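[1] need the 3D shape of this:
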Amino acid sequence: VCPIPAIQLIRIAVGILCQTMEMMPVECEAYPDLRAVHNRLYWTHGEYLGLGVSAHSFRRLPDGTAERFANQRGPSSYLRTWHKPSPQPFALQPDDPSLSLYELRDRESLWKEALWLALRELDGVRYDQFALDVLSQDGYYPGIATGPGKSLSGSAVTPKLGAVFRVSPQWAVYGNYAAGFRAPEGQQLNSALEVSTAVLLPNPDLKQEESNNFEIGTRVKLDRLSLDFSVFSGVYTNLIVEKKDLGTANGLPASTTNKTRFQTVNIDKATISGFEIRGNYDWGQFANGRLSSPFGYGFTRGTNDATGLPLNYIEPAKLAFGLKYETSNWDVRLDAVFQDEKKLQDLDSAYIPKSLTQLQFLVPASTTLNLSGQWRIRKDIRMNLAINNLTDRKYWNWSDVRGVASTSNVLDAYTQPGRNVRVSLVADF
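    All right, here's what the predicted structure looks like:
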């Protein structure tokens with residue numbers, strides 16, 4: 001007898017599948033290398049022949065048009081007509097008595113269908129359009145801004161394609177292409193904010209970001225080991241860099257009268273590439289639970305193609321390894337996270353912006369331990385507990401200290417929290 005209630009088993013199964021599957025069309029999910037061939041044939045305008053009552057068929061014709069037709073819907077009408085030979089085999093007519101439906105689709109209608117069908121899939125065509133309209137300058141210009149607010153609009157067509165080749169039941173190779181698009185936000189175009197020693201500047205000349213992204217990888221699923229390795233590269237036009245540190249106007253240390261300036265800007269051409277490894281090893285059953293080890297490693301680099309210099313905001317490489325023990329009622333997990341140091345060769349300059357004397361602070365490598373667990377009190381109530389940074393390690397995230405001088409007397413203000421505890425109680429209604 002299974003000690004877990006059926007409804008809880010369903011919830012566990014759905015939770016696992018949602019983490020490991022990807023959205024296929026709008027209304028269903030599938031493993032990336034196990035998509036439904038049957039349905040995708042319809043959605044990609046593949047040819048198919050339907051046999052039997054009410055069966056539908058689709059075939060392409062040499063002139064670029066296509067026929068869609070269906071057999072009679074009722075058994076009696078189907079039996080009355082199926083045995084009658086067509087006067088011109090394979091040359092169907094709209095009034096064919098054996099059909100309940102006949103459509104001749106021209107090239108334009110097929111193209112429109114292809115666009116609509118592509119909306120059902122991740123592999124398809126997406127159209128984005130945006131408009132930012134400034135309706136009033138009151139309170140903005142003249143006033144806190146140095147120039148009037150600007151309206152902006154634009155659009156982009158972004159296709160996405162993917163392919164999977166199953167070498168064996170346990171091993172698959174895949175590749176993806178996706179065009180990217182990012183519209184500027186209103187606050188990036190028209191913002192003006194001053195706080196203490198910093199000022200956020202608007203950028204009315206900000207352009208929409210577009211990219212072409214490529215990924216190839218392999219997935220391995222063995223009895224105990226699951227592994228996913230991928231290599232990716234993205235080529236960007238007008239890459240949007242959020243709140244870039246421009247330094248002070250004169251390069252001297254920031255003050256209330258000499259503020260550090262921040263502004264969202266475009267980089268004309270840029271490339272971001274890297275690789276990622278993630279997986280899980282199942283150690284097997286121990287007592288009433290199961291022991292496993294999730295792991296992952298990621299490395300990314302970025303280059304300003306116009307200057308050949310690195311993109312400063314790329315995070316250092318990160319390695320994570322965990323040990324998880326899970327039972328039907330509770331689980332506990334210990335994770336070790338290693339973050340590499342930020343190296344000088346990964347920066348476009350050794351100095352903070354607008355300075356030739358103040359060196360950029362480079363975050364050192366760090367390793368932190370995090371302990372977490374969950375107790376499922378009832379099927380609708382669960383308690384979560386996490387103790388983060390168990391060893392009370394002092395460390396920084398690179399994104400927090402970009403533009404901060406190594407001699408700053410407030411470096412500790414940018415550190416991540418020391419040992420901390422989080423408790424939550426979740427109830428489903």
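
[2] next one: the closest residue to Val421 other than its chain neighbours relative to Ala320, how far apart?
    Distance criterion Cβ to Cβ, 6 or more residues apart in numbering; nearest residue to Val421, sequence neighbours excluded, is Ile387 at 5.4 Å. Where you see a C-beta, it was placed from the backbone N, CA and C, and this is true even at glycine. According to Cβ to Cβ, to the nearest Å, Ile387 stands 17 Å off from Ala320.

[3] for this structure, what spans make up the helices?
    For the chain, applying DSSP state H gives helices covering 6-20, 37-43, 75-81, 107-118, 186-189, 398-401.

[4] the third one: which residues count as buried?
    Yep, that's helix 75-81 we're talking about. Across helix 75-81, burial judged by 16 or more other Cβ atoms under 10 Å covers Tyr78.

[5] what distance separates it from the centre of its chain?
    51 Å (Cα atoms, centre = their mean, to the nearest Å).

[6] please list all residues in contact with Val167.
    By Cβ atoms under 8 Å, 6 or more residues apart in numbering, the contact set of Val167 is Val173.

[7] before we move on, what about Leu390?
    368-371, 419.

[8] same thing but 6 Å
    Counting by Cβ atoms under 6 Å, 6 or more residues apart in numbering, Leu390 makes contact with 369, 371.

[9] Ala320 and Arg301, how far apart?
    Ala320 sits 19 Å away from Arg301, taking Cβ to Cβ as the criterion.

[10] need phi/psi at Asp96.
    Per-residue torsions, Asp96: phi -60, psi 120 (degrees, to the nearest 10).

[11] could you count how many residues lie near it?
    The tally of other residues near Asp96 (other Cβ atoms under 10 Å) stands at 16.

[12] what's the spacing between it and Gly139?
    Using Cβ to Cβ, Asp96 is found at 70 Å from Gly139.

[13] for the chain, longest strand please?
    Secondary structure of the chain per DSSP state E: the longest strand is strand 260-286.

[14] next, the nearest residue to Lys221 once chain neighbours are set aside: phi, psi?
    Spatially, and ignoring its direct neighbours in sequence, Lys221 is nearest to Gln170 (5.4 Å; Cβ to Cβ, 6+ apart). Gln170 adopts backbone torsions of phi -100, psi -10, taken as degrees, to the nearest 10.

[15] was I right about Gln170 contacting Arg219?
    No: the criterion here is Cβ atoms under 6 Å, and Gln170 misses it with Arg219 at 9.1 Å.

[16] what about stretch 304-312, start to end distance?
    Stretch 304-312 has an end-to-end distance of 10 Å (Cα to Cα, to the nearest Å).

[17] contacts for it, please.
    Under the contact criterion Cβ under 6 Å, 6+ apart, stretch 304-312 has outside partners 267-271, 302, 346-348.

[18] tell me the buried residues in that stretch?
    304-305, 310-312.

[19] now, the most widely separated pair of those residues?
    Asp305 and Asn312 (14.9 Å; Cβ to Cβ).
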